[in-house]
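Could you work out the structure for the sequence below:
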Amino acid sequence: MDLKEIKAVIDLMTRNGLAEFELEKPEFKIRVKKGNQLGEMIVSTPQQVSYVPASAVHAAPSVPVAAPVVESSGIPINSPMVGTFYRSPSPDSPAYVEVGKEVGPDTVVCIIEAMKVMNEIKAEVKGVITEILAETGKPVEFGKPLFKVRPT
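Numbers count the residues shown, from 1 in each chain. Here you go, the predicted model:
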């Protein structure tokens, strides 16, 4: 994948309000994730990690991301993108998590479908699910709380 293709991915992310994009093929894997509040993107491949300023694609206002706040009911797991929320991998499968289930940073908690791509969302925190805030099959917005987790 060359720089022109990476810039096209960043432009696609910016136009669609995506915070993270990942693509894996046999010959390479790329993960692009919005960086800090200065509009920086982090692009990583197995061979290298490089930082591409968002201005290299075009100037777009960056959206500040607030740090999670620990409330009495727990830390929120927020949606990293706009899409349709699903609690299970298929309609006849059990949900990834239920209230009371212990999760780790790499535990898949749901799927968000965006642009016909199913994106597994991980907890990114260790704890116990205390609330499920989104409804299967309903749209979710970037930053919308999906679950609450009590840290352990």
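
Where do the helices of the chain begin and end?
Ranges of helices within the chain are 3-16, based on DSSP state H.

Over to stretch 88-102 now: how far is its first residue from its last?
17 Å (CA to CA, to the nearest Å).

before we move on, what about stretch 91-100?
Start-to-end span of stretch 91-100 (CA to CA) is 22 Å.

do stretch 128-142 as well
Taking CA to CA, the first and last residues of stretch 128-142 lie 23 Å apart.

Please apply the same query to stretch 141-152.
Stretch 141-152 end-to-end distance (CA to CA) = 28 Å.

From the chain's centroid, how far away is it?
Mean-position distance between stretch 141-152 and its chain equals 12 Å (CA atoms, centre = their mean, to the nearest Å).

Excluding chain neighbours, what is closest to the residue minimising distance to the centre of the chain?
Nearest to the mean C-alpha position of the chain, counting by CA atoms, centre = their mean, stands Pro80 at 3.4 Å. Take Pro80 and drop its neighbours on the chain: the residue closest to it by CB to CB, 6 or more residues apart in numbering is Ala19, 4.6 Å away. In this view, the C-beta of every residue, glycine as well, is placed from N, C-alpha and C.

So for the one you found, what pLDDT did the model give?
Listed pLDDT for Ala19 reads 78.

Then Gly104?
pLDDT, Gly104: 94.

wouldn't the residue nearest to Pro80 be in contact with Lys33 here?
Yes - Ala19 is in contact with Lys33 according to CB atoms under 8 Å; the separation is 6.8 Å.
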